[in-house]
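Peer 1: generate a structure from the sequence data that follows.
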Amino acid sequence: MKNVSNIMVSVLMVITVSCSNEKVTPAPTNANPVNTNTGNNTNTTAVTYANVSSIFNSRNCTSCHGSGHYSGYSLNSYSNSKSSIEKNTSKFLKSIKHESGASPMPQGGSKMPDTEIKTIEDWINSGYVEK
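Peer 2: Presented below is the predicted three-dimensional model:
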């Protein structure tokens, strides 16, 4: 009987000690999800071809890669851009990142900003969303 009493007292002590008035703070939620479009943490809009097309046009990519005569990349439309990049995504990304193993693009120019490269990568990684 004494053992049962000791066990009950121990259980009650554990319950009493484990219960407290402390407030439990829930784990923080991501109130500002990262924007896959620009790296900015305020917008969660999916990257579409319109985002990528504006980069291709502003960087004059289509002046050489509008007809697909250079390295097989034609960046003048959604279907051409998608199919051209899908043929060799790794080489395409190395080119725009100025990494070894591919000719740096734009040829003879400086590397495009990392935010634009990330937008293009996000478009590729999200499955080449058109609209």
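Peer 1: where does this protein have low pLDDT?
Peer 2: 1-44, 67-71 (pLDDT under 70).
Peer 1: helices of that one, residue ranges please.
Peer 2: 2-18, 49-58, 61-65, 78-87, 89-97, 114-125 (DSSP state H).
Peer 1: okay, buried residues for the fifth one please.
Peer 2: Of the residues in helix 89-97, those buried under the neighbour-count criterion (16 or more other Cβ atoms under 10 Å) are 91-97. (C-beta placed from N, C-alpha, C; glycine too.)
Peer 1: surely residue 72 touches residue 84?
Peer 2: Yes: counting by Cβ atoms under 8 Å, residue 72 touches residue 84, with 6.3 Å between them.
Peer 1: now do residue 102 against residue 55, distance only.
Peer 2: 18 Å (Cβ to Cβ, to the nearest Å).
Peer 1: about what we covered before: out of the buried residues of helix 89-97, which is nearest to residue 114?
Peer 2: residue 97 (8.7 Å; Cβ to Cβ).
Peer 1: residues touching the closest one, list them.
Peer 2: For residue 97, the contacting residues are 111, 117, by Cβ atoms under 8 Å, 6 or more residues apart in numbering.
Peer 1: circling back: for residue 107, find the nearest of the helices of the chain.
Peer 2: Of these, nearest to residue 107 by Cβ to Cβ is helix 61-65, at 7.4 Å.
Peer 1: only alpha carbons, please: show that closest one as CSV.
Peer 2: Coordinates of each C-alpha in helix 61-65 appear next as CSV, following Å, rounded to 0.1, in the frame of the first residue of the first chain:
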residue,chain,number,x,y,z
CYS,A,61,18.6,39.2,-75.9
THR,A,62,16.1,39.0,-78.7
SER,A,63,18.3,41.2,-81.0
CYS,A,64,20.6,38.1,-81.4
HIS,A,65,18.3,35.3,-80.1
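Peer 1: just to revisit the earlier point, need the helices of the chain in CSV (columns: distance to residue 108).
Peer 2: Below are the helices of the chain laid out as CSV (distance: least, Cβ to Cβ, whole Å):
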stretch, distance to residue 108
helix 2-18, 69
helix 49-58, 17
helix 61-65, 11
helix 78-87, 21
helix 89-97, 13
helix 114-125, 18
